[in-house]
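*Asks:* build me a model from this:
(2 chains)
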Amino acid sequence: MAETQAAAAAPHTAGPEQFKLRLRRYDPESGEAPYWDEHTIELEPHRSVLEAILQAKDRFDGSIGVRCSCRQAICGSCGVRVNGEPALACHTHLDAALEGARDGVIEIEPMGNMPVLKDLIVDMDAVHWKKIQRVTPWLIAKQPVPEREYIVPRESMIDVTQSMACIQCGACVSDCLAMEVDPGFIGPAALAKAYRFVGDPRDDQQFERLNDLAQDPQGIFDCTHCFKCVEACPKDVNPMGQIMRLRRIATNDQHIRDRNNGKRHEAAFTTLIKDNGLLWEAELLPRSYGGNSWFGKFAPRAGKELLSSLPSIVKALLRRKVTPMGALKPHKLPAADLKGVQGIYDKVESREQRYELNLYITGEDEAPAEGSESSARVSDPVAAGVAAEPGGKEPDTVPGAEPADTPTELRDTEEGLGQ
Amino acid sequence: MPAHDVLIIGAGLAGQRAALAAAQSGASVAIMSKVHPVRSHSVAAAGGINAAISVDDDWHSHAYDTVKGSDFLGDQDAIEVMCSEAPGEVMHLEHMGVTFHRNEKGEMDLRAFGGASMKRTAYVADITGQALLHVLYEQLMKHHETVERYEEWFTTSLLQDEQGRCAGVIARDVRSGRMEAFRAKNVILACGGAGQAYKPTTNGLIVTGDGIAMAYRAGAPLMDMEMVQYHPTCLVETGILITEGARGEGAHLLNSEGERFMEKSAPNKMELASRDVVSRAEQIEINEGRGVGPGGRGLYLDVTVVPRKRTLEALREIVNLGKDFAGVDITREPITIRPGQHYIMGGVKTDIDGLTPIEGLYAAGEVACVSVHGGNRLGANSLLDTLIFGRRAGEHAAARAASMAMPEVDTGVQLRRDAEHIDAIVARERDGRRVSEIKNELGELMNEYAAVFRDEQGLQTARETIARLKEEAGKAWIDDRGTIFNQDVLGAIELGYMIDCAETTVLGAIERKESRGAQFRTDYPERNDEEWLKHIDITLGEDGPQVSYSPVTITQWQPEERKY
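*Replies:* Numbering: from 1, shown residues only, chains lettered A, B, ... in the order given. A predicted model of the protein is given here:
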């Protein structure tokens, strides 16, 4: 997201400067290990890292391997890591990349979580596309097929456009932490793709899709909420947000009870924070199984899960991440702060429909030549954007008419409540 | 050795549509592309797809607009096919899953586009090409059992039998460097245009005229190669495209005096005149000193007149492009643009089923010239062209395959020839020029002399220079000596393809001594129907390119003066 939301756009005027690149090279035919290769190129600071790589390739070494085509962040070919962070090379400015460089040299490596074939080229088929296949990535159209187009709400098509905007570059897959631990995790890109069908009112299998992804231990509840994919995505697809939406629709709307206990775990999380203002870890597991019932806490499956969690609990104790008393005793915010937290719950829960963040739907409209004062507030379309949940109730007013006074922080919190 | 009824080269919209159609007709189908299918340049088409689906619209009106847009060089039988089949095709795509944006009633919404007499452009925000391409790829994944995919395979030549019939291709697996012969009853070329022969261009780095050059070398005629479209709104520095959808949504073009200069050349349609007209008007402003930005090389595109909410919803991609690639927030201030190479109307000559004069060889999409675009293509007609003629070629090729045997051909000779050629490039001594240097010179040359305005002297300079570049390209050296992902050696082959395309473009432009559509000759500034209402065909003969002519098909619209 970082790139597109760069605060104020400034016209590019600077002249060419020298930049040093450090490229990770790997020649599978040489039998040798990967190595670093440095080149100095000359370009204007607002030009892209891809242009820099191509200059090095054109002038110094044509054997540098990199996939690329459009140069404008739409074909999705040039996913790499720049200074350790996943990015599209064509979508990263040299000046921004230099800022992130540790020693004044822009470091470019192939993406992670996928096998490297040569230099900056990774095997996307082996990981990314295999996962895309997993989510039945085509529309299963409602029958009968109409003679003309399906008549669907205007907002629903704009809503799925956000996940449709995914260019399959793999940047989110590259640094998905959950996938690093569990390579079988379906992952951010494929799950965002799944939302494109679940959110599409023309699809006939929404329940089946959701049920499938909820029951799979490597499905929607395998995401650990680390936000890496949100940061990595050059197209603001917000993959984690799409995963959370799948969870909300699966649990709140379709009432799917998954084998992974994801729904109840999520509910335990939410109610714990509501009750205490903070997470009380020791109560999380019992409440996930027993809810608020005292008796329910002793569910046999909870015991089993407790047993399997014991090693991590012991580790946490040994590393003094928690103390036994601190963990067992409920920790609570002071009353005044707790009231504030609960106020957020009241406000969100009192709404008649759920609002979801969506880039393409923005909450405001203004006269074209309005002054710059209000522009600061709305310059971030994500913060300004709200959309009704498709499949939910038709909003009384267009979602765009949501009063602009709702503070951004509240919306962010609301997004976080699905955890 | 792989063998298929229908083998499609190129996996953009035309290729994928052809593959699906051929598979549905029961043929054994394979699709081959030098990149993963979703990287194909169709992905960059932004604005939308034209179809007369509105109840007030009529495909005849769409057809007339297209004929007029083509400056009467388009073949009207082909245009009638395209426009009459458009509504059905767009509905088919909708049913397949394309997330076309809707109006308040939940029906497909339509936006205004250049050269159209009413709103008839269906769209998905400003990522229509991406949405279409990805949805077609969804279908390829769904039909993986009936459509075989060769992803990241680079085609080096067309296989021909002794009678000259097309019988397959020779290709190189980019991942391993392995060469292989593929036999096929029919080959459909669907591998796009040749924008990279120009610099700058809106086209991706992969758009190097492969299909056009391979067909030309196999003896197929190229038609109307001189017709090269300059898109009116490209970023000054990089040539990145700002969609015509921006003007469709109401954006203005302004010169340094703040004038909407389109008043002078298109008082009725203003910014929504056809692209050749707008690009010329812009170039005149720039040439006469009313340009803006560094060196006065650009003009303003003012999107701030479009309501901001609408811009963010329907033009989101160009909001991002403006910020990322020009440092401009287009919802707040005008952005500087200029005309830039975008599309070639010409290509491999085909009939309305995509069949070329070479038996067994089809072409569809930008690689082909049916011709539906004539001298100038209307915005949002290219997606339509790829899908209609991709489908028709796929169906026709499948039907043809059903009634024939696999052609007999000795693949070994040609396979060895192509493999040896590649080995020779890899082994070249470093005494010539680098491939990248020659490519740059070619691109800048074309953008100088075969651009919006042309004249005899400039075109002759271009012809002579291209002859030199061709010779240099034959000795150009590369760095990569490997086989796995040797992009360097493929770049050298692509350079050869681009030079063939540039050469025929310049020849056509020299030949056509009039101004029509995208071809404006300052030394022949008028359209001359009496002598030049005809196609220019260029065929590779024994002694190089041979020029001939073929008539324009006129069904119901007689040429008239073109005014917007």
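*Asks:* domain-wise, how is chain B divided?
*Replies:* Chain B is divided into the following domains under automatic domain parsing: B:3-227+B:343-402, B:232-339, B:411-528.
*Asks:* is the second one up against chain A anywhere?
*Replies:* Pointing back at domain B:232-339 there. Yes: under the criterion of Cβ under 8 Å from any Cβ of the partner chain, chain A is reached by domain B:232-339 at B:237-238, B:240-241, B:304-310, B:312-313, B:316-317, B:320-329, B:332. Using the backbone N, CA and C atoms, a C-beta is placed for each residue, glycine as well.
*Asks:* just give me how far that domain sits from the chain centre.
*Replies:* Computed by Cα atoms, centre = their mean, to the nearest Å, the chain-centroid distance of domain B:232-339 equals 22 Å.
*Asks:* quick one: end-to-end length of it, please.
*Replies:* 4 Å (Cα to Cα, to the nearest Å).
*Asks:* equivalent analysis for stretch A:248-256, please.
*Replies:* Start-to-end span of stretch A:248-256 (Cα to Cα) is 10 Å.
*Asks:* list the buried residues in it.
*Replies:* Going by neighbour count (16 or more other Cβ atoms under 10 Å in any protein chain shown), the buried part of stretch A:248-256 is A:R248, A:I249, A:A250, A:T251, A:N252, A:I256.
*Asks:* which one of the residues you listed is nearest to B:V98?
*Replies:* Set against B:V98, the nearest of the buried residues of stretch A:248-256 by Cβ to Cβ is A:I249 (22.4 Å).
*Asks:* who's in contact with the residue in the stretch 201-350 of chain A positioned nearest to chain B?
*Replies:* Nearest to chain B, among the residues of the stretch 201-350 of chain A, is A:R202, at 7.3 Å (Cβ to the nearest Cβ). Residues counted as contacts of A:R202 (Cβ atoms under 8 Å, 6 or more residues apart in numbering or on different chains) are A:L139, A:A141, A:K142, A:Y150, A:V152, B:G97.
*Asks:* and the residue lying closest to the first one once chain neighbours are set aside, how many residues sit next to it?
*Replies:* When you say that, I think you mean A:L139. What sits nearest to A:L139 in space, not counting adjacent residues and going by Cβ to Cβ, 6 or more residues apart in numbering or on different chains, is B:G97, at 3.3 Å. Using other Cβ atoms under 10 Å in any protein chain shown, B:G97 is surrounded by 24 other residues.
*Asks:* picking up where we left off before, list the residues that contact the residue nearest to the residue of the stretch 201-350 of chain A closest to chain B when sequence neighbours are not counted.
*Replies:* Nearest residue to A:R202, sequence neighbours excluded (Cβ to Cβ, 6+ apart): A:Y150, at 4.7 Å. Residues near A:Y150 by Cβ under 8 Å, 6+ apart: A:K142, A:P201, A:R202, B:E94, B:H95.
*Asks:* Three-state assignment for A:Y150, please.
*Replies:* Following DSSP: H, G, I helix; E, B strand; the rest coil, A:Y150 is assigned to coil.
*Asks:* now do it against B:S28, distance only.
*Replies:* 33 Å (Cβ to Cβ, to the nearest Å).
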